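# got a predicted structure plus its sequence, pasted below:
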6 protein chains.
Amino acid sequence: MIIEELTMDEFEAGLERTRTVLIPFGATEEHGTHLPLATDTLQAVEIGRRLAERRPVFIAPPIHYGVCRSSSDHPGTITIRTETLKALALDLVESLYRQGMRNVIMLSGHAGGTHNAALLDAGEEMLRRHPELKLAVLTEYVLAAGEGKGIIETEGDSHAGEIETSRILHSHPHLVKGRGEREFPSFPAGILVRDKRRYWPGGVWGDPTKASAEKGARIEEVVLAALEKLVARLEKEEF
Amino acid sequence: MIIEELTMDEFEAGLERTRTVLIPFGATEEHGTHLPLATDTLQAVEIGRRLAERRPVFIAPPIHYGVCRSSSDHPGTITIRTETLKALALDLVESLYRQGMRNVIMLSGHAGGTHNAALLDAGEEMLRRHPELKLAVLTEYVLAAGEGKGIIETEGDSHAGEIETSRILHSHPHLVKGRGEREFPSFPAGILVRDKRRYWPGGVWGDPTKASAEKGARIEEVVLAALEKLVARLEKEEF
Amino acid sequence: MIIEELTMDEFEAGLERTRTVLIPFGATEEHGTHLPLATDTLQAVEIGRRLAERRPVFIAPPIHYGVCRSSSDHPGTITIRTETLKALALDLVESLYRQGMRNVIMLSGHAGGTHNAALLDAGEEMLRRHPELKLAVLTEYVLAAGEGKGIIETEGDSHAGEIETSRILHSHPHLVKGRGEREFPSFPAGILVRDKRRYWPGGVWGDPTKASAEKGARIEEVVLAALEKLVARLEKEEF
Amino acid sequence: MIIEELTMDEFEAGLERTRTVLIPFGATEEHGTHLPLATDTLQAVEIGRRLAERRPVFIAPPIHYGVCRSSSDHPGTITIRTETLKALALDLVESLYRQGMRNVIMLSGHAGGTHNAALLDAGEEMLRRHPELKLAVLTEYVLAAGEGKGIIETEGDSHAGEIETSRILHSHPHLVKGRGEREFPSFPAGILVRDKRRYWPGGVWGDPTKASAEKGARIEEVVLAALEKLVARLEKEEF
Amino acid sequence: MIIEELTMDEFEAGLERTRTVLIPFGATEEHGTHLPLATDTLQAVEIGRRLAERRPVFIAPPIHYGVCRSSSDHPGTITIRTETLKALALDLVESLYRQGMRNVIMLSGHAGGTHNAALLDAGEEMLRRHPELKLAVLTEYVLAAGEGKGIIETEGDSHAGEIETSRILHSHPHLVKGRGEREFPSFPAGILVRDKRRYWPGGVWGDPTKASAEKGARIEEVVLAALEKLVARLEKEEF
Amino acid sequence: MIIEELTMDEFEAGLERTRTVLIPFGATEEHGTHLPLATDTLQAVEIGRRLAERRPVFIAPPIHYGVCRSSSDHPGTITIRTETLKALALDLVESLYRQGMRNVIMLSGHAGGTHNAALLDAGEEMLRRHPELKLAVLTEYVLAAGEGKGIIETEGDSHAGEIETSRILHSHPHLVKGRGEREFPSFPAGILVRDKRRYWPGGVWGDPTKASAEKGARIEEVVLAALEKLVARLEKEEF
């Protein structure tokens, strides 16, 4: 049940079937010269839509903007403050709770550290606020990197690399422009740098040249399976 | 230029053509029993996409959530606080400004009073912050109601009525379920009501039964023309 | 019962008679070359005092400062942020509620859009906080423009025009300096302007030359009658 | 120059004479059974009006609400949060600064510790924000207690006692109901008490029975003289 | 029971003995040329440790930073905003309350007005939040100045003067460098000064030359006795 | 140069030698049944003190409180909000910057994800605020786990395990009570749990039984060496 497409009545009827909702958190962030700026959003939305085909679950409209630290200087990155992301997460969960939702999955397509800390922080606050609420905060990328181990060749592959390129090649091939270039940036450990592009010219972290649509399909499938299991567990057990 | 679909390089190249960006602000809000919850977002996004076909302009990813007061109790409405919307608007304009944008249009598909006040408030603050910035804050609905006068039959037509139903019948006919029912709610003037549905059972304000896809196409056209003129003026003149 | 003038004991005794309080929200804002900067406050306070003569109601001390957007550059306008106004409204209603008030009317003498959105926003938040609270948020000007239709000649009369000038001519004639000049500013629709005075040199919106003390008396009377009815309704019915 | 009463033109003309403005901060707070709730505001406003008779200075509209800790449970006290008072003070000084003021006196008729800390805090922040600004933050009561030493009989006289009762007997005799009763509350040192009235039943701190209108006139005069000197110094010297 | 040194189990066991905790609030602030920057913290911590030797009480880790207004320009002063201090105090009391504490003493070694207002403000908010909580907010310096009257020679002795120098000479003699110089700064009354050092070159308020370790020992003892009595009262009575 | 112990003059003189300051961020958090609640603070402070013996650097007073998520229910953990920690970090860096510091190292002895995100977030904000500032944000634990690889036997050793127990055995042996027990908690991946102790009864993550003072000394040494190199680099290069 894609919330965007439901009418008021369909939404109300859906609540009879499930009290579970997934919120896709994306980002508008450079993903090298070959992937679209919406890469993170596309992945989270895609997984959401496919999950909804498999089991009764509401999929909320995506949040297209996240907190981007390392890529904030690269062309096309549109970043928001951690406070804003947290406020947004709090409000959405609160409003969905009032609408009757009891199991909420925040699925982030973007894997930034401060970004995900903001979601976790909001999640913990909501747990304290509503004793009947159950919550998961997940990074799409972590699922993919973990579950997709057998499929991915590049060690330490991450941003706009083999995994993400494969995923978009599979789901939105027309948005991939070329294959990108292998890059492993080296930021000075522990030091905050002012000019991030100097340390990360290409905006890639991993090896997109190893990507293929077929790998993307397989990764998507394992991610989906892991997510499905998690949702089932969230609904059944107490935490 | 739809930002979501651009790569880092395409975004950078686009800045050579224009410094103008439109941000579509939508809502996830009941629109009667016949229109999808994303109605406001769909309209703003649609206008954005069509504008981008006519002139060089960046279209930012939409914000799917807005401040909904009167409909907050209706099934499917997901509302956020005014502070959150303002923070989001501030951050987006700030980040776009740093990316090189100088003319920003916040186009809201949702016409709530407190919702639009938050956008205006953010806009004024950004004007003070950046002397080189030019800004427009527009309600899609106001444009449609104003420009579409000759086309619309229903007086006082508004939320999920003749105008919006026509628009969605034109752009996303598969998402319209039936025709809805004419309704003109009467909230007690000046008094804040606790149970909003009691005063507005159907969630419609106007007459959707007068709607047609053909009217929708005509309204969209006049809205688009008005918007195009405004953008041209924003780019050319000093304000 | 004018709260400013009551002693602790008189206040306590008053609570036996009524649990209704009106808070006059004003502004310190230019009102052309002929009306005092406190025009909005004066009108709200005046209506408050007269209401208190007719029925048992507490009148809280006025708030002299509001959110002024379009007139913020004109000499004499002292504006505050929307966040500040909202915080103030929240605190006042909270404190009055703790003091025993159950029906609160926020009557604004200033009719700015962002200003009134802040009051509405605070009002909705208080409704959620206190299940026993009833609240009205009113614009003095809207009441006057609506109820005074038969009396006012100028179409679209608004800020410092026929209505307000008549009101002050009636209640505080010694503060009116001359008659002002007819003016209908034309701000570029949708575009935020940096230099507001350029589009609104005189600071008047309407036609003050049509004003008279006698009209002011009549408008005040119809506004008062409408307000009285609303207060009675607020006290009697559930919302 | 009482800002409330000025027109836009008069305000502008006044800026040719002076860049100094006094903001009277009051409170709505119990002052025993004999003094009006607006006592603090009345005193600050009165001093302001009289100062304006003696030298060119703008007097801003008063703030009728302050932070009241010890009296917050007493009937009639309407208190606001320290954050709200600070925000208000920041906004007012900011707006007055933009209007051209360069010497700002925040004169508080209320002498609460957290109340005055909020004003001081706002003052320091504004000093850092505007290098050309000069600022004074004064408690009306401290001036009176200090300057009026020879006039006042009661040692440790404070809230609603000899000084304040004398002041109101002089300036607003019709608002004084009886003479009140001598009271010196004993709060447990260092411990925050939940039920403040238990430790301070009468709401008086001092001896109002020693008050007289004549003393009030004399205190007002010495306060005024001290204030006048301070304003002259503020305008002349650099701080 | 010094919380820093306890293990998880020891902490839990300690809750069987007492539900009382003291939080030492210090500052990092110049204290003339002869006393260490941690003077305020050292005093509060010392009193805490000694109190814990006399009766069962938890001593929380100290807060080394406070709000310093007058000394903020002097070398070595590290100041924080009042909002930050209040947030910290709120969080600490909240967390300690959740851990089972019911009597909380905030003991401040720093006696700044805005600093202590922030602690009081936090304290009142926590009282409202938790009906079972009892709270004291104390200034170490006020206790010393009050209780030590017979011991101290200097009238009006305060910051880095006879009292504080004696205290540190007693508890941390190796950190005292010379004896400092007598100084009584004269800030212009009521006026906020931009360059604080100009009015307070030496950073001393009082007469450190009158100090001795023996006096320090005696002051510490009377402060401790007063504090002990207060804690006993806080635990026994209802407030 | 330990800031706590310096006088005003010594601080000023120290600025001639260096503009580098290290702020130790600790936590008050359970560390199993064998380690003290201040374990994180002790480690950061210890490293700071030893660094100051090797090169000219200011060591600021420690922050004893951090954001603790997973251990927040365990006895003895005192946690603060991420907003509070960020505010504190912002204020401290700001104040140190005004005092002349140009290279700031925030060294955290606590390795929580949301905790460190708050420090990073504050760090990035300060970089934008002050063009001349250089900043490092480090986790003591990450340094130890990375640099100490050859020394540590336990794979995945973390909270209160082999590393931390060794460190405290070396630096504060009297505060270690027994040896603790090996524990590897299994929180359900991605799901936020309400009752954290249920999933983590012992509060240990790793194997403290493998610890020794000698290992602690070696780890401390490699951590110190790595930190020293980083500080030297921070001072020399541009970032």
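All right, it came through fine. Numbering: from 1, shown residues only, chains lettered A, B, ... in the order given.
# show me what contacts the one residue sitting closest to the centre of chain A?
Centroid check for chain A by Cα atoms, centre = their mean gives A:G109 as the closest residue, at 1.5 Å. Contacts for A:G109 (Cβ atoms under 8 Å, 6 or more residues apart in numbering or on different chains) come out as A:24-27, A:39-45, A:140-141. (Each C-beta comes from the backbone N, C-alpha and C, glycine too.)
# tell me the one of these nearest chain C?
A:F25 (25.9 Å; Cβ to the nearest Cβ).
# next, count neighbours for that closest one.
A:F25 has 30 neighbours, counted by other Cβ atoms under 10 Å in any protein chain shown.
# cool, and the one 3 residues further on?
A:T28 is flanked by 29 other residues according to other Cβ under 10 Å.
# partner residues bridging it?
Beta-bridge pairing for A:T28 (DSSP bridges): A:I78.
# now it: how far from B:V67?
Separation of A:T28 from B:V67 (Cβ to Cβ, to the nearest Å): 22 Å.
# then A:F11?
The spacing between A:F11 and B:V67, counted by Cβ to Cβ, is 19 Å.
# comparing the two, which residue is more hemmed in?
B:V67 (28 against 23).
# contacting residues around that one?
Contacts of B:V67 by Cβ under 8 Å, 6+ apart are B:79-82, B:85, B:112, B:114-115, B:118.
# name the nearest of those residues relative to chain A.
Nearest to chain A among those: B:I80, at 4.0 Å, using Cβ to the nearest Cβ.
# excluding sequence neighbours, find me the nearest residue to that closest one.
Ranked by Cβ to Cβ, 6 or more residues apart in numbering or on different chains and with sequence neighbours excluded, the top spatial neighbour of B:I80 is A:D91, at 4.0 Å.
# for whichever residue of chain A sits closest to chain D, what are phi and psi?
Closest to chain D within chain A is A:E83: 16.5 Å, counting by Cβ to the nearest Cβ. Recorded main-chain torsions at A:E83 are phi -60, psi -40, according to degrees, to the nearest 10.
# hmm, it is touching B:K86, no?
No - with contact taken as Cβ atoms under 8 Å, A:E83 and B:K86 are classed as non-touching, separated by 11.9 Å.
# please say which of those two ends up with more neighbours.
More crowded of A:E83 and B:K86, by other Cβ under 10 Å: B:K86, with 23 against 17.
# ranges for the strands of chain A?
Secondary structure of chain A by DSSP state E: the strands cover A:20-25, A:58-59, A:103-108, A:134-139.
# what is the second one packed up against?
I take that to be strand A:58-59. If you count contacts as 3 or more Cβ pairs under 8 Å, 6 or more residues apart in numbering or on different chains; DSSP states H and E, strand A:58-59 packs onto strand A:20-25, helix A:39-54.
# which of these sits closest to E:E132?
Nearest to E:E132, of all the helices and strands packed on strand A:58-59, is strand A:20-25, at 36.6 Å by Cβ to Cβ.
# could you tell me the angle between the closest one and strand A:103-108?
Counting by axes from the mean of the first three to the mean of the last three Cα atoms, to 10 degrees, strand A:20-25 lies at 20 degrees to strand A:103-108.
# quick one: contacts of strand A:20-25?
With Cβ under 8 Å, 6+ apart, strand A:20-25 has contacts from A:3, A:41, A:44-45, A:47-48, A:51, A:56-60, A:62-63, A:66, A:89, A:92-93, A:96, A:101-110, A:119, A:231, A:234-235.
# and with 6 Å instead?
By Cβ atoms under 6 Å, 6 or more residues apart in numbering or on different chains, the residues outside strand A:20-25 that reach it are A:44-45, A:48, A:57-60, A:62-63, A:92, A:96, A:101, A:103-108, A:235.
# one more: stretch A:112-124?
For stretch A:112-124, contacts defined as Cβ under 6 Å, 6+ apart pick out A:66-67, A:69, A:82, A:85-86, A:89-90, A:106, A:135, A:137, A:139, F:82, F:113-114, F:117, F:120-121, F:192.
# next, the angle from the worst-scoring helix or strand of chain A on mean pLDDT to helix A:39-54.
One helix or strand of chain A scores below all others by mean pLDDT, DSSP states H and E: helix A:140-147, with a mean of 84. Helix A:140-147 runs at 70 degrees relative to helix A:39-54, counting by the same axes, to 10 degrees.
# for helix A:140-147, packing partners?
helix A:213-236 (3 or more Cβ pairs under 6 Å, 6 or more residues apart in numbering or on different chains; DSSP states H and E).
# can you do 8 Å?
In terms of contacts (3+ Cβ pairs under 8 Å, 6+ apart), helix A:140-147 is packed against helix A:39-54, helix A:162-171, helix A:213-236.
# for A:A136, what are its contacts?
A:A136 is in contact with A:103-106, A:230-231, A:234, F:190-192, counting by Cβ under 8 Å, 6+ apart.
# revised request: answer the last question for A:L175.
Counting by Cβ under 8 Å, 6+ apart, A:L175 touches A:35-36, A:42, A:168, B:5.
# can you check A:I168 too?
Contact analysis of A:I168 by Cβ under 8 Å, 6+ apart lists A:35-36, A:39, A:42-43, A:175-176, A:216.
# can I get these in JSON lines including pLDDT?
Converted to JSON lines, those look like this (pLDDT from 0 to 100):
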{"residue": "A:L35", "pLDDT": "98"}
{"residue": "A:P36", "pLDDT": "98"}
{"residue": "A:T39", "pLDDT": "98"}
{"residue": "A:L42", "pLDDT": "98"}
{"residue": "A:Q43", "pLDDT": "97"}
{"residue": "A:L175", "pLDDT": "98"}
{"residue": "A:V176", "pLDDT": "98"}
{"residue": "A:G216", "pLDDT": "97"}
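# of those residues, which is the most crowded?
When those are compared by neighbour count (other Cβ under 10 Å), A:L35 ends up highest, at 32 neighbours.
# correct me, but that one touches A:A160?
Yes - assessed by Cβ under 8 Å, A:L35 is found in contact with A:A160 at 5.3 Å.
# so what sits against both of the two?
By Cβ under 8 Å, 6+ apart, A:L35 and A:A160 have these common neighbours: A:180, A:208.
# if we can go back for a sec, give me the buried positions along the least confident helix or strand of chain A.
Using 16 or more other Cβ atoms under 10 Å in any protein chain shown as the test for burial, helix A:140-147 gives A:140-145, A:147.
# rewinding a little: of all the helices and strands packed on helix A:140-147, which one is nearest D:A226?
Minimum separation from D:A226 across these (Cβ to Cβ) falls at helix A:39-54, 64.4 Å.
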